[in-house]
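[1] output the structure for:
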Amino acid sequence: MSGRKRSRSEDAAHALDRLMQMEPDLRLLQGLLALLRGLSETSDAIEPIALAALARLCEGPVERMDLCWREAIDDMRRR
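    Take a look at the predicted model:
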(Lines give C-alpha, C1' and ligand atoms only; values in the text may rest on other atoms or scores of the structure.)
Protein backbone atom coordinates (compact mmCIF):
# COMPACT_ATOMS: atom_id res chain seq x y z
CA MET A 1 0.00 0.00 0.00
CA SER A 2 1.07 3.53 -0.64
CA GLY A 3 0.76 4.74 2.93
CA ARG A 4 -2.94 5.49 2.74
CA LYS A 5 -5.20 3.84 5.26
CA ARG A 6 -7.64 1.28 3.90
CA SER A 7 -11.35 1.65 4.49
CA ARG A 8 -13.32 -0.89 6.46
CA SER A 9 -14.74 -2.40 3.30
CA GLU A 10 -11.23 -2.67 1.82
CA ASP A 11 -10.03 -4.36 5.02
CA ALA A 12 -12.93 -6.81 4.86
CA ALA A 13 -12.27 -7.53 1.17
CA HIS A 14 -8.57 -8.05 1.88
CA ALA A 15 -9.36 -10.38 4.78
CA LEU A 16 -11.77 -12.41 2.62
CA ASP A 17 -9.14 -12.61 -0.13
CA ARG A 18 -6.58 -13.93 2.36
CA LEU A 19 -9.01 -16.55 3.64
CA MET A 20 -9.85 -17.65 0.09
CA GLN A 21 -6.12 -18.01 -0.66
CA MET A 22 -5.97 -20.65 2.07
CA GLU A 23 -8.31 -23.08 0.27
CA PRO A 24 -5.76 -24.86 -1.99
CA ASP A 25 -3.41 -25.40 0.94
CA LEU A 26 -6.27 -26.69 3.09
CA ARG A 27 -7.17 -29.20 0.37
CA LEU A 28 -3.55 -30.38 0.19
CA LEU A 29 -3.42 -30.83 3.95
CA GLN A 30 -6.74 -32.71 3.92
CA GLY A 31 -5.27 -35.07 1.33
CA LEU A 32 -2.15 -35.58 3.41
CA LEU A 33 -4.25 -36.35 6.47
CA ALA A 34 -6.21 -38.93 4.49
CA LEU A 35 -2.93 -40.46 3.33
CA LEU A 36 -1.57 -40.60 6.88
CA ARG A 37 -4.83 -42.09 8.11
CA GLY A 38 -4.57 -44.79 5.45
CA LEU A 39 -0.95 -45.49 6.29
CA SER A 40 -1.76 -45.83 9.96
CA GLU A 41 -4.38 -48.49 9.20
CA THR A 42 -2.10 -50.71 7.11
CA SER A 43 0.09 -51.71 10.06
CA ASP A 44 3.10 -51.72 7.75
CA ALA A 45 6.30 -50.12 8.93
CA ILE A 46 6.80 -46.68 7.46
CA GLU A 47 10.32 -45.56 6.75
CA PRO A 48 11.35 -42.42 8.67
CA ILE A 49 12.52 -40.82 5.42
CA ALA A 50 9.00 -41.15 4.02
CA LEU A 51 7.56 -39.42 7.07
CA ALA A 52 10.18 -36.68 6.75
CA ALA A 53 9.16 -36.14 3.12
CA LEU A 54 5.51 -35.80 4.13
CA ALA A 55 6.46 -33.34 6.85
CA ARG A 56 8.46 -31.25 4.35
CA LEU A 57 5.50 -31.29 1.99
CA CYS A 58 3.35 -29.76 4.75
CA GLU A 59 5.76 -26.95 5.67
CA GLY A 60 4.99 -24.62 2.76
CA PRO A 61 1.19 -24.84 2.97
CA VAL A 62 1.20 -24.41 6.74
CA GLU A 63 3.46 -21.35 6.52
CA ARG A 64 1.30 -19.80 3.77
CA MET A 65 -1.90 -20.47 5.69
CA ASP A 66 -0.42 -19.02 8.86
CA LEU A 67 0.54 -15.83 7.01
CA CYS A 68 -2.87 -15.53 5.33
CA TRP A 69 -4.66 -16.17 8.62
CA ARG A 70 -2.63 -13.54 10.48
CA GLU A 71 -3.17 -10.96 7.74
CA ALA A 72 -6.90 -11.65 7.69
CA ILE A 73 -7.12 -11.34 11.48
CA ASP A 74 -5.12 -8.07 11.38
CA ASP A 75 -7.51 -6.71 8.75
CA MET A 76 -10.53 -7.68 10.81
CA ARG A 77 -9.08 -6.14 13.98
CA ARG A 78 -8.70 -2.80 12.19
CA ARG A 79 -12.43 -2.71 11.59
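[2] tell me which residue lies nearest the centroid of this structure.
    Met65 (2.7 Å; CA atoms, centre = their mean).
[3] in the helix or strand that contains that one, what's buried?
    Assigned by DSSP states H and E, Met65 belongs to helix 48-77. For helix 48-77, a neighbour-count test (16 or more other CB atoms under 10 Å) marks Pro61, Met65, Cys68, Glu71, Ala72, Asp75, Met76 as buried. Where you see a C-beta, it was placed from the backbone N, CA and C, and this is true even at glycine.
[4] show me what that helix is packed up against.
    The contact analysis (3 or more CB pairs under 8 Å, 6 or more residues apart in numbering; DSSP states H and E) places helix 48-77 against helix 8-21, helix 23-42.
[5] and it, what's its mean pLDDT?
    Average pLDDT, helix 48-77: 89.
[6] now that helix: how far from the chain's centre is it?
    In terms of CA atoms, centre = their mean, to the nearest Å, the centre of helix 48-77 is found 5 Å from the chain centre.
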